[in-house]
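In: Predicted model and sequence follow; I will ask about them next.
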Amino acid sequence: MSKAQPSAVPSRPKNKSAKKREPFYAVSPRWSDVSPIPLIEGPPGQKDPGPALATIAYSPRYSEAMSYLRAVMAVNEFSRRTLELTEDIIGMNPAHYTVWLYRVKILKALWESEGTRTEDGVMAELDWLEEISERNLKNYQIWHHRQLLVSLLPKLPTTEPEFVAHILSFDSKNYHVWTYRQWLCRRFPDPLLTTEMELQAVDALISEDVRNNSAWNHRYFVCFGADELKAIEAEGGNRKEILAKGGLVVDEDLVEREINYAKDHIAWAPQNPSAWNYLKGVLQRAAISVADMQVFCEGFVGGRHADLMSDSVRSSHALDWLADIYRLTGHFDSSKRCLHALANKWDPVRRKYWDFRAKQVDEEAREDQ
Amino acid sequence: MSMSAEGKMQLDRERHVKYWKRCSQLLPEPYTSGEASRMSFGFFIVAALDLLGALETVITPAERQSWIEWIYTCQVPHTGGFRGFTGTILGGMRNPQNWHWDPANLPNTYFALATLVILGDDLGRVKRRECLAWVRRLQRPNGSFGEFLGEDNVVEGADDLRLCLCAVGTMKILQGNEQSIEIDAFRLRQFITNCQSHEGGFGQAPLLEAHSGLNYCAIAALSFLGLLRNPPESIQQVASQAKLDVTGCVRWMLDRQTTWIDGEDEDEDEDSEDDDERGDEDERKEKDFKHDEDEPQKQPLNLSSLRDGLMAQEPAAGAGFCGRCGKMADTCYCFWNVGALAILQQHQLVDIEALRRYLLQHVAHLIGGFGKAPGELPDVLHSYLGLATLAIYNEPGLKEFDPTFCFSKEAVEKMKKASWRLN
């Protein structure tokens, strides 16, 4: 290998179109000892395999880098230059499923040979990952890699909640980030769940955008879900059965606080489905009947006897809930009035669904007689 | 935007055939970043041409045979599964010390087998027993499946519903006459059920946000679990064994249909011919509903469904589907929702005409294919799933569609030709 120290390495080409045609590895003295493995696109031993399926117009730069990656993977080389090669590949094909594992293996080998403490090595890699993450918000592997790294740490790095908040500032509903965030809470319940830390963070996000459904879902996880997961894992059971059995302690103060939280946010934006769904989730968890919400819901449609085709209706969700509540309490005509208003005025896209519900109410009414 | 300007709304079959023919020859450079799923691109191309009835007419037998050979090139010798792309093949250098860098990959294995079936291959060269054993090794103690085996056969990748679906789909394609299911179906079912969120839809894992793509995976996986039983069980039977809240799930999927379509708020006046009919009353209603306008937020208010309420008799705008509560319409979510609804035989509850309008007038592209949203360039995933959605509603020019297998019913029938089933 060349004597060049990492600092003396000329900066590697960025993935810019002007550079895409120029060879890099083939002319680099640092790589002269490596024989690249060419792409095999057909059955072995066949001279002209014919057209391949889903052929992609690779840039020459990508093809070259990949041929060197195959060569170093084949001999299990774990070195500085291979670490840089993985960065090059990840920049062009971040979904490559083994290059990330290869990178982890290289990192661990380097930490050992260079005497780097795991914590320091992880923090340096997290720094590197930050820029890549901003450029590839929708990539799964990046978050999996981050999870793997952070799982090596004994304590929550103080920078991690800031980083998650930073990434959510680009895309506040990013599914990978929320998945990672949930994992982070489970990995480090202390301090995230044992203090108000995570609850306050999620409250801030809901205040910023009351329609951020991901944030509402996370609130459910923080308040109730973490316990449910523990029960699922401990008993190895079905979540619905565990809930139905009453196997989980329901903290009444918590339930009351969360019902009020949802109600306040519904009052603020009555047409926001996220808060309604959250309320439904909390009621289910606490085994409280939706019928208890009758007065609350009637407040958004102009009262019990309002004209549901008129402007007194402020929330289609309230109508939907009332349709259910009236059915449960045997007020079938009232229930049908709600469904009729939904089908014909407030939510005609789902007209067939509302009509279907109305038919169910009819059947129930008939059985009731 | 609307290519059939005269209001005659129909699928421009020829244009789509041309699009797929082009894709079958060469995919442009930007597909490189998704190359790890190249087998899925191949599946979309072959399955789309099949759905359009063009696989035999625009692709020569030699080309089809050559594609079959390419897919077999991706079969990983010692596991029987398939790679996602040829980029990891180490050639003559391959040995037990390095072959974990070149593993078979579960989703791509389903796509490879499905593509072989559609191409009319009898699967005679598939290492069936090895492949089934490999799928079983990917199952985790919690019932879910990993994506591939790493060094020392460690199960790698996420444990999420996509992989659960690909595992049972692969097992179904490879199922012989004699076979009982040798995976832990009980735990798999339990894992799937636990992913149903309080919203009604399924998330990637327990307690994660409901998401239409993953929701489809949950429903299709349960459907495959039923098909794997001997004799087969209906999705309703499986769902009830799994203690699924089917009503809540169906409701959640129907709620995803939305007239909130990206980039169309500004030019709505131009493309809506029914504007005059809306009148002042609409405007007033819209204002009334905006009383929560003062709240601090970044997202535009989604009032579209309420605004449309007053033109309920004949909705002017199209309505696509979104993937999560509070998101905009996107072509692929039309399929993820409608496909799962079709498996549950509830797809007739959708506003079908508004959906067709969304697909044919808003996201169908001039060069063929479908974009993710209006004005977006088509790509193979959205283009296939757009066709699939239309096929579920028996669009003229398309073959009948099987929503569980995610390809034509005709191709599903071809599976019976698999060599081991003939004996």
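Out: Noted; the coordinates are in hand. Numbers count the residues shown, from 1 in each chain, chains lettered A, B, ... in the order given.

In: before we move on, what SS does A:W100 have?
Out: helix (DSSP: H, G, I helix; E, B strand; the rest coil).

In: Neighbours of it, how many?
Out: Residues lying near A:W100 (other Cβ atoms under 10 Å in any protein chain shown) number 20. (Glycine included, C-beta is placed from N, CA and C.)

In: Next: B:E376.
Out: By other Cβ under 10 Å, the burial measure for B:E376, its neighbour count, is 16.

In: low-confidence ranges in the stretch 1-150 of chain B?
Out: Residue ranges of the stretch 1-150 of chain B with pLDDT under 70: B:1-8.

In: now with 90?
Out: For the stretch 1-150 of chain B, the stretches flagged by pLDDT under 90 are B:1-9.

In: Tell me where it has helices.
Out: Taking DSSP state H, counting those that start in this stretch, the helices of the stretch 1-150 of chain B run over residues B:13-25, B:38-51, B:55-58, B:61-73, B:106-118, B:128-137.

In: need the contact list for A:W321.
Out: By Cβ atoms under 8 Å, 6 or more residues apart in numbering or on different chains, A:W321 lies in contact with A:W276, A:V290, A:M293, A:C297.

In: Now do it, the pLDDT please.
Out: pLDDT for A:W321: 98.

In: Now it. Its backbone dihedrals?
Out: Torsion angles at A:W321 (phi, psi; degrees, to the nearest 10) stand at phi -60, psi -40.

In: about what we covered before: any chance of the helices of the stretch 1-150 of chain B in JSON lines with mean neighbour count and distance to A:R211 as columns?
Out: Below are the helices of the stretch 1-150 of chain B laid out as JSON lines (neighbours: other Cβ atoms under 10 Å in any protein chain shown; distance: least, Cβ to Cβ, whole Å):
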{"stretch": "helix B:13-25", "mean neighbour count": "19", "distance to A:R211": "36"}
{"stretch": "helix B:38-51", "mean neighbour count": "26", "distance to A:R211": "32"}
{"stretch": "helix B:55-58", "mean neighbour count": "15", "distance to A:R211": "44"}
{"stretch": "helix B:61-73", "mean neighbour count": "18", "distance to A:R211": "44"}
{"stretch": "helix B:106-118", "mean neighbour count": "27", "distance to A:R211": "32"}
{"stretch": "helix B:128-137", "mean neighbour count": "18", "distance to A:R211": "41"}
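
In: Of all those helices, which one comes closest to A:V255?
Out: helix B:106-118 (40.4 Å; Cβ to Cβ).

In: Can you lay out the helices of the stretch 1-150 of chain B as TSV showing distance to chain A?
Out: Output for the helices of the stretch 1-150 of chain B, formatted as TSV (distance: least, Cβ to the nearest Cβ, whole Å):
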stretch	distance to chain A
helix B:13-25	8
helix B:38-51	4
helix B:55-58	13
helix B:61-73	3
helix B:106-118	7
helix B:128-137	16
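
In: For A:N277, see how far away the nearest residue to A:V210 once chain neighbours are set aside is.
Out: The shortest distance from A:V210 to any non-neighbouring residue, by Cβ to Cβ, 6 or more residues apart in numbering or on different chains, is to A:A269 (5.2 Å). Remark: distance between A:A269 and A:N277 (Cβ to Cβ, to the nearest Å) = 13 Å.

In: So for the two, which residue has more residues nearby?
Out: Taking other Cβ under 10 Å, A:A269 and A:N277 do not tie; A:N277 has more neighbours (25 against 20).

In: Can you tell me which residue is spatially central in chain A?
Out: A:Y175 (2.3 Å; Cα atoms, centre = their mean).

In: Walk me through the domains of chain A.
Out: A:12-39+A:54-116, A:291-369 (automatic domain parsing).

In: mean pLDDT lowest for which of those domains?
Out: When I compare those, domain A:12-39+A:54-116 is least confident, with a mean of 92.

In: Distance from that domain to the middle of the chain?
Out: 29 Å (Cα atoms, centre = their mean, to the nearest Å).

In: touching chain B at all, it?
Out: Yes. Using Cβ under 8 Å from any Cβ of the partner chain, domain A:12-39+A:54-116 reaches chain B at A:37-39, A:54-59, A:62, A:66, A:70-71, A:73-76, A:92-98, A:101-102, A:105.

In: Now, of the residues you listed, which are buried?
Out: A:37, A:39, A:54-56, A:58-59, A:62, A:66, A:70-71, A:73-74, A:76, A:92-98, A:101-102, A:105 (16 or more other Cβ atoms under 10 Å in any protein chain shown).

In: residues from the stretch 251-369 of chain A in reach of chain B?
Out: So the stretch 251-369 of chain A meets chain B at A:268-274, A:277-278, A:280-281, A:284-285, A:311, A:314, A:316, A:343-353, A:356 (Cβ under 8 Å from any Cβ).

In: Quick check, pLDDT for A:P273.
Out: 96.

In: wait, doesn't it sit right on B:D255?
Out: Yes. Using Cβ atoms under 8 Å, A:P273 is in contact with B:D255, at 7.3 Å.

In: So for those two, which sits in the more crowded spot?
Out: When A:P273 and B:D255 are compared for neighbours, B:D255 comes out ahead with 23 against 20, by other Cβ under 10 Å.

In: can you pull the contacts of the more buried one?
Out: A:P273, A:R350, B:C325.

In: Turn these into a markdown table, columns for distance to A:I242 and secondary structure.
Out: Converted to a markdown table, those look like this (distance: Cβ to Cβ, whole Å; DSSP: H, G, I helix; E, B strand; the rest coil):
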| residue | distance to A:I242 | secondary structure |
| --- | --- | --- |
| A:P273 | 27 | helix |
| A:R350 | 32 | helix |
| B:C325 | 25 | coil |
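
In: so which of these comes closest to B:K417?
Out: For the contacts of B:D255, the nearest to B:K417 is A:R350 (42.3 Å; Cβ to Cβ).

In: Relative to B:H347, how far out is the residue nearest to that closest one when sequence neighbours are not counted?
Out: In this structure, A:R350 finds its nearest non-sequential neighbour in B:L254, 5.7 Å apart by Cβ to Cβ, 6+ apart. Distance from B:L254 to B:H347, counting by Cβ to Cβ: 10 Å.

In: In the stretch 251-369 of chain A, which residue sits nearest chain B?
Out: Nearest residue of the stretch 251-369 of chain A to chain B, counting by Cβ to the nearest Cβ: A:G281, 3.0 Å away.

In: what helix or strand does that residue sit in?
Out: Taking DSSP states H and E as the criterion, the element that holds A:G281 is helix A:273-285.

In: outside of the following helix or strand past that helix, which residues touch it?
Out: Going down the chain from helix A:273-285, the next helix or strand is helix A:294-298, by DSSP H and E. Helix A:294-298 has contacts (Cβ under 8 Å, 6+ apart) with A:K263, A:R304, A:A318, A:W321, A:L322, A:I325, A:T329.

In: most surrounded residue in those residues?
Out: In terms of neighbours by other Cβ under 10 Å, the contacts of helix A:294-298 top out with A:L322 at 27 neighbours.
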